[in-house]
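> Here's my sequence, what's the structure:
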Amino acid sequence: MRETATAIGTGRAVDLALREAGGGRMAGVRIAYEFGRQVHLVQFVRGTWLCTASVDAATGEVTGILDDGLRVPETPPPAHPGRAVTARITCRTVRDITMDFDDRATAWVATDAGVGVVRLRRDIGWTLTVQDHHTPGFGEVRHLAAVPGGVVAATAGGRVFRIDTVGRLCWSMPLPGTASGLAVDGPGERVLVATGAGAVELDARTGRFRDILGTTARVVAYHSRGERVVATHRGSVSVTGTDGVVAWVWEQGERPERMWARDGRVYLAGEGGLKEIVPGEGVVARWSSPGTAAAGHAVIAGAGVFTCSDGTMDRHDYATAAYHGPVRGLPSCPDAAAEIEGEHRPWLLTGHRDGLLTARPL
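As a prediction, this is how the structure comes out:
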């Protein structure tokens, strides 16, 4: 199904309404007529407020947003986070962070020289330790995806490689262009790399070429059943099955920066904040910060959503899309962030331009 600008579908109407409202989570949609025009009435929640937006079904214009007069039960504000722990990795900047496939207290860190390994541990108190910094000789690493027994990395020079937990090189492959996104499927058997020449799929164990999708790709992800999700620079999102059949295309029109999938949902960060997408339907939630244009990256950790834009990391509520303001105590806006765990409790791990890593319990 393809939605066009001349016939606004339900999914597109929800996206337009939440964009105009500055964020929210969809509660329901119905079709109605206003002054002879067909409109989508999009009901959504933002924090404690339940509202309804009218979206013209022909043009996509949001003609009004009304307060329904009903208060949603308030989500308790986030508790003050516990004391942060820090570590510093020898590099100029941290480009990406991903939690280890097998150990949720360990994370891989992309640096200007290779791949670092950090671990959250508890002795008398909590500490964050740099366990290793692997430098396979391919230069700056920009994107990471954890696999069983190691990690796959994409470099600034247009190469993708895999190393194991002790830094041994398993394989290395040149790419048809510089990578702008990287993803691994659920079992860790396939790798998808976004490049200017399309989305390149490789075998995660051997690096063998499997497929290429499209002519350009900005970010990529794997959906729950192994479908490949590709978003272009102009914001076109497509879902392609393992049989090669394109199951869904959505023209959302906003430039993406990061994308990932979990629990059957796809999360797309970029212009307008972070979106939660149900493939085949469209946007069901959007988190954005007041006065900001784009989210350079984002992470869901615990019950919170964290977005980075315009030099600030902001916190939102996952369930109600409530905006809780900037995260306090960070030395600077992080260049990368990920969720890790310590004794089954979520921690927010952030990486900064000078190599500083900070972990705080949520």
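> And the strands in the stretch 51-200 of the chain, which stretches?
62-71, 85-88, 94-99, 106-111, 115-122, 126-134, 141-147, 150-155, 159-164, 169-174, 179-184, 190-195, 198-203 (DSSP state E, counting those that start in this stretch).
> Please identify the buried residues of stretch 129-146?
130, 133, 134, 136, 138, 140, 141, 142, 143, 144, 145, 146 (16 or more other Cβ atoms under 10 Å). From N, CA and C alone the C-beta is placed, and that goes for glycine too.
> so residue 295 makes contact with residue 275?
No. Checked against Cβ atoms under 8 Å, the pair residue 295 and residue 275 is beyond contact range at 9.5 Å.
> Need the overlap of contacts for these two.
Counting by Cβ atoms under 8 Å, 6 or more residues apart in numbering, the common neighbours of residue 295 and residue 275 are residue 269.
> Which one of those two is surrounded by more residues?
residue 275 (30 against 27; other Cβ atoms under 10 Å).
> so which helix or strand takes in the more buried one?
Per DSSP states H and E: residue 275 is located in strand 273-278.
> The closest residue to residue 327 other than its chain neighbours and residue 292: what is the separation?
Leaving aside its sequence neighbours, residue 327 sits nearest to residue 313 (Cβ to Cβ, 6 or more residues apart in numbering; 4.6 Å). Look at residue 313 and residue 292: by Cβ to Cβ, to the nearest Å, they are 11 Å apart.
> Likewise for residue 276?
Counting by Cβ to Cβ, the gap from residue 276 to residue 292 is 18 Å.
> do residue 316 as well
12 Å.
> Also residue 90?
From residue 90 over to residue 292 (counting by Cβ to Cβ), the distance is 32 Å.
> So for the two, which sits in the more crowded spot?
Using other Cβ under 10 Å, the more surrounded residue of residue 90 and residue 292 is residue 292, with 18 against 12.
> Report how many residues lie close to the closest residue to that one other than its chain neighbours.
Distance criterion Cβ to Cβ, 6+ apart; nearest residue to residue 292, sequence neighbours excluded, is residue 309 at 4.1 Å. Per other Cβ under 10 Å, the neighbour tally for residue 309 reads 24.
> Contact partners for residue 309?
273, 289, 292, 293, 294, 295, 296 are the contacts of residue 309 under Cβ under 8 Å, 6+ apart.
> Surely the second one is in a strand?
It stands for residue 289. No. Checked against DSSP: H, G, I helix; E, B strand; the rest coil, residue 289 lies outside a strand; its state is coil.
> The residue nearest the centre of the chain pairs with what?
Centroid-nearest residue in the chain: residue 259, 4.1 Å away (criterion: Cα atoms, centre = their mean). When bridges are taken as DSSP bridges, the partners of residue 259 come out as residue 268.
> Could you check the pLDDT of it?
pLDDT, residue 259: 96.
> how close does it sit to residue 217?
10 Å.
> same question, residue 63
For residue 63 relative to residue 217 (Cβ to Cβ), the value is 35 Å.
> repeat for residue 120
For residue 120, the distance to residue 217 - Cβ to Cβ - is 33 Å.
> can you count the residues close to the closest residue in space to residue 20 that isn't next to it in sequence?
Computed as Cβ to Cβ, 6+ apart, the closest residue to residue 20 that is not its neighbour in sequence is residue 62, at 4.2 Å. When counting by other Cβ under 10 Å, one arrives at 20 neighbours for residue 62.
> All set, thanks.
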